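*Asks:* Quick one, what's the 3D model for this:
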Amino acid sequence: MLRATGAEPNGPADLDDWRLRHPGLHAHDVLLDALRVRYDERVLEWVPYLSRWLGGPSSEPLEQALIDAELIPAIGYRWAGVRTSTTRSSAPSR
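*Replies:* I've put the predicted structure just below:
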């Protein structure tokens, strides 16, 4: 739809090519599992993410509508947690 209006999306032209250029990135389940070992999860909210690449004023509402209709999965998330009492770190406290 953006190209039809003369706008070019900001995202990669090919997701597989993007993956090849970003080796070693962890999948969300690996990251969330690691966070949950060290922190007590307080919030996990799945949110639109692809709209950041697409730009355009209607991209995020369109992506949210597709997520709500279960036509695409949400791939962005907001996560918040608090340190567990058993978490130990070698980093100095702030």
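*Asks:* CA atoms for contacts and neighbours, from now on please.
*Replies:* Fine.
*Asks:* in the protein, which helix or strand is least confident?
*Replies:* Here the helix or strand of the chain ranked lowest by mean pLDDT, DSSP states H and E is helix 50-54, holding a mean of 80.
*Asks:* That one packs against which elements?
*Replies:* If contacts are counted by 3 or more Cα pairs under 8 Å, 6 or more residues apart in numbering; DSSP states H and E, helix 50-54 sits against helix 59-68.
*Asks:* any idea which helix or strand comes after the helix it packs on?
*Replies:* strand 76-83 (DSSP states H and E).
*Asks:* In its sheet, which strands sit next to that following strand, and in what direction?
*Replies:* strand 39-47 (antiparallel) (DSSP bridges).
*Asks:* what's the angle between the strand it pairs with and helix 59-68?
*Replies:* 110 degrees (axes from the mean of the first three to the mean of the last three Cα atoms, to 10 degrees).
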